[in-house]
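Q: Just a sequence and a predicted model for now, questions to come.
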Amino acid sequence: MEAVKILEERKVSIGRGKEGAGIQCGRNSVSGSVSQRACVYCGARVVLNPITDAFHIVHGPIGCASYTWDIRGSLSSGSELYRNSFSTDLREEDIVFGGAEKLTRAIDEAVEAYHPRLIFIYATCIVGVIGDDVEAVCRAAEKRHRIRVIPVKSPGFSGNKSFGYRMACNALMELISPHAPPAGSEGRRPSTAQAGVNILGDFNLAGEMWIITNYMKELGIPVAATVTGDASYETLIRAPRAKLNLVQCAGSMTYLAKRMEEEMGIPYIKVSFFGIGDTSSSLLRTAEALEDEDARKKAEHFCRNQEEALRPYVEKYLPRLRGKKAAVYVGGGFKAVSLIRQFKSLGMETVVVGTQTGQPEDYEIIGSLVGDDAVILDDANPAELESFMKEKGADILVGGVKERPLAYKLGISFCDHNHERKHALAGYEGTLNFIQEIHLSMNSPVWQFL
Ligand code: SF4
C-alpha cells in the first residue's frame, strides 16, 4: 500500500482513533492544500440564503454571486424571492472610484421593482480592499425606504467559512434584537411572554424543516421561528419570544444561540435529527428542557411508535449493510457524530471521518466513537481523502458535491449529505431514505464492472 503523503503543516490536523480527539481545528487552511472549505462570504450566504422573502445583494464582482439558491436546495412554503441572486457587478472603474454609489442604486432599484422588507448586503473581498462604507449605505437606505437593509461583513479573505457563519449570525441579531421583549423581573430569564422553541441550523433542504416542525406539532410544542430554513422576515422577528433554542447545526448556529442566551435570556440545547437514536433523544430532551411533562409523555409515545414502525424496514436492509466501511466528510461536527452513530447502528464501521468546520468538542466525541485506527481529519483536501479512503478500504463516502467526483473516480459509492441534495435525510422518514440510498449505492451492480 502506497504511504499517505501529508503536507508537514497538515499533520497536526490529522489523528487516529482517540488521539484524533486532540487534532487542531478551526485554523485557516494551509496554503496550497486545496481546502474544501468555502470562503467567509459563502459561509454567511449558506446561513442567510434560505430566508425566503429576503433580497440578497452581493456587493462585489459577478463571480462571487455564482453562489446562489441553485446550489442550496432549501425549500419555501411562501415567497420565492430568495431564489434570485443580485450583484452590483463591480468593475475596474468601481474599484478605482469606489462602489458605494452603485450599491445605493442597486438597493433603490431592488426596492422599486420587488418591494422587499428585508435586504442583506454581502461585502465581498474587493469591498474589503477598496473600503466602501457599506454600513453607511445600508443605514441611509433603511431611512429612505423604511425597510431593513442589513450589511453582512463577509470579505472572503477575512477568515474562513466558520467566520462567515458568525457574520451571518451577527446580521440575524441585528434583525431580531429590536423585537426582543423587555427582560422580566428575573433579569435575563425569559419573560412570561416567551413560549415554544426556535429551531436553529436547519435549512429546510428537501423539506427537512417541515419534518421537524411536524414532530413539534405532535408534541404540542409551538415553534416561534425557524432559523433559517423556510424563514421569512415576519417569522424571524418572532424568534426573541421563544423559551428555548434548539441548535441542529452547531457549527453555524452555536454563536447565535450563545448571543441570544446572553442578550435575551433564551437557553439552548444541541440536537440532531439525523438517525433514529438521535431523533428520539432530541425530541425527549426538548420536552425535558422545556419542563413540559405533557410534551415529554407525548414524545415517549411518539418516538416508540415511530421506532417500531421503522424496525422491519431497517432489519430488511441490515444483512446487505453489515460489515461495510464508511468514510465521512461533511461540513459540521454534529452531522459527523450523527453519521458515525447511524453507521454503528447498521453494523457498519466509520474508518475515515472529517469535517470542514468541526470544533474541539466535536472531535472529542468523534474520537470516543470511532475505532482505534480510524482516521480523523479537519479541513481535509482531496489528496488526503483519496489516500486515506484507499488505505482503509472504504465502501462508501458520505460528503457533499465537491466529494462526489472523487468517490466515483476511485470506484467508491457515494451518498450526498450536503445542501445540494433533493431528498430528506432528517427524522425517521429521512433515516429510511438514508438507509435505502446507501444500500442502493453500495450494492449497485455497477461496481462489478470496475
Ligand atoms: S473569496 Fe472573495 S472573491 Fe472569492 S467568492 Fe469569496 S468573497 Fe468573492
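A: Good, I have the coordinates. Numbering: from 1, shown residues only.
Q: which residues touch Phe274?
A: When contacts are counted by Cβ atoms under 8 Å, 6 or more residues apart in numbering, Phe274 touches 335, 338-339, 342, 425-426, 430-431, 434. For every residue, glycine as well, the C-beta is placed using N, CA and C.
Q: contacting residues for the closest residue in space to Ser85 that isn't next to it in sequence?
A: Among residues not flanking Ser85 along the chain, Thr68 sits closest, at 4.0 Å (Cβ to Cβ, 6 or more residues apart in numbering). The contact partners of Thr68, taken as Cβ under 8 Å, 6+ apart, are 49, 83, 85.
Q: and what of Ser413?
A: Neighbours of Ser413 in contact, by Cβ under 8 Å, 6+ apart: 395-397, 407, 438, 441-442, 444, 447.
Q: where's it relative to the ligand, distance?
A: As judged by Cβ to the nearest ligand atom, to the nearest Å, Ser413 and the ligand stand 31 Å apart.
Q: In the chain, which residue sits nearest the ligand?
A: Gly156 (2.5 Å; Cβ to the nearest ligand atom).
Q: In JSON lines: the contacts of Phe274, plus secondary structure.
A: Shown next, in JSON lines, are the contacts of Phe274 (DSSP: H, G, I helix; E, B strand; the rest coil):
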{"residue": "Lys335", "secondary structure": "helix"}
{"residue": "Ser338", "secondary structure": "helix"}
{"residue": "Leu339", "secondary structure": "helix"}
{"residue": "Gln342", "secondary structure": "helix"}
{"residue": "Leu425", "secondary structure": "coil"}
{"residue": "Ala426", "secondary structure": "coil"}
{"residue": "Gly430", "secondary structure": "helix"}
{"residue": "Thr431", "secondary structure": "helix"}
{"residue": "Phe434", "secondary structure": "helix"}
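Q: Farthest pair within the residues you listed?
A: Spatially, the most separated pair among those is Lys335 and Thr431, at 13.5 Å (Cβ to Cβ).
Q: in what helix or strand does the residue lying closest to Ala309 once chain neighbours are set aside lie?
A: If the residues on either side of it in the chain are set aside, Ala309 comes closest to Tyr428, at 7.6 Å by Cβ to Cβ, 6+ apart. Here Tyr428, judged by DSSP states H and E, is contained in helix 427-442.
Q: Quick one: residues contacting Gln359.
A: So Gln359 contacts 25-26, 250-251, 254, 333 (Cβ under 8 Å, 6+ apart).
Q: brain fart, Asn170
A: Lys153.
Q: Tell me which helix or strand it sits in.
A: helix 161-176.
Q: Can you list the buried residues in that helix?
A: Judged by neighbour count (16 or more other Cβ atoms under 10 Å), helix 161-176 contains these buried residues: 161-173, 175-176.
Q: Now the two most distant members of those residues.
A: Largest pairwise distance in these, by Cβ to Cβ, is 22.9 Å, between Lys161 and Ile176.
Q: picking that back up, which neighbours in the sheet does the next helix or strand after the helix holding Asn170 have, and how are they oriented?
A: Toward the C-terminal end, the helix or strand that comes next after helix 161-176 (DSSP H and E) is strand 197-202. Strand 197-202 pairs in its sheet with strand 223-228 (parallel), strand 244-247 (parallel), by DSSP bridges.
Q: Which SSE is immediately downstream of the first one?
A: Read it as strand 223-228. Defined by DSSP H and E, the subsequent element after strand 223-228 is helix 233-236.
Q: quick check, distance from that next one to the centre of its chain.
A: With Cα atoms, centre = their mean, to the nearest Å as the basis, helix 233-236 stands 20 Å off its chain's centre.
Q: could you say what helices and strands it packs with?
A: If contacts are counted by 3 or more Cβ pairs under 8 Å, 6 or more residues apart in numbering; DSSP states H and E, helix 233-236 sits against helix 161-176, strand 223-228.
Q: neighbour-wise, which of the contacts of Thr68 leads?
A: Asn49 (25 neighbours; other Cβ atoms under 10 Å).
Q: Which residue is the nearest non-sequential neighbour of Ala110?
A: Nearest one to Ala110, counting by Cβ to Cβ, 6+ apart, is Phe55 at 5.4 Å.
Q: angle of the helix or strand that neighbour falls within against strand 223-228?
A: Applying DSSP H and E as the criterion places Phe55 in strand 54-59. Angle of strand 54-59 versus strand 223-228, following axes from the mean of the first three to the mean of the last three Cα atoms, to 10 degrees, is 30 degrees.
Q: how distant is the helix or strand following strand 54-59 from the center of its chain?
A: Following strand 54-59 in sequence order, the next helix or strand is strand 86-87 (DSSP H and E). Taking Cα atoms, centre = their mean, the mean C-alpha location of strand 86-87 is offset from the chain mean by 23 Å.
Q: again, but for stretch 239-255
A: The answer for stretch 239-255 is 12 Å, by Cα atoms, centre = their mean.
Q: Could you do stretch 156-174 as well?
A: The answer for stretch 156-174 is 13 Å, by Cα atoms, centre = their mean.
Q: Please identify the residues of the stretch 1-150 of the chain in proximity to the ligand?
A: 39, 41, 60, 64, 124-125 (Cβ under 6 Å from any ligand atom).
Q: Select, from those residues, the two members most distant in space.
A: Cys39 and Gly60, at 11.0 Å, using Cβ to Cβ across those.
Q: what do these two both touch?
A: Common neighbours of Cys39 and Gly60, using Cβ under 8 Å, 6+ apart, are Cys125.
Q: Of the two, which one has the most company?
A: Legend: neighbour count by other Cβ under 10 Å for Cys39 and Gly60, higher for Gly60 (26 against 23).
Q: just to revisit the earlier point, which one of the residues of the stretch 1-150 of the chain next to the ligand is nearest Gln356?
A: Closest to Gln356, out of all of these and judged by Cβ to Cβ, is Cys39, at 11.9 Å.
Q: Which residue is the nearest non-sequential neighbour of Ala239?
A: Ala225 (3.8 Å).
Q: number of nearby residues for the nearest residue to Asp53 once chain neighbours are set aside?
A: Here the nearest residue to Asp53 in space, its sequence neighbours aside, is Ser79; by Cβ to Cβ, 6+ apart that works out to 3.7 Å. Using other Cβ under 10 Å, Ser79 has 15 other residues around it.
Q: Check the one 5 residues further on too.
A: Using other Cβ under 10 Å, the number of residues around Asn84 comes to 12.
Q: Ok, Pro178 next?
A: Count around Pro178 with other Cβ under 10 Å applied: 9.
Q: Please report how far it lies from Met253.
A: Distance from Pro178 to Met253, counting by Cβ to Cβ, to the nearest Å: 20 Å.
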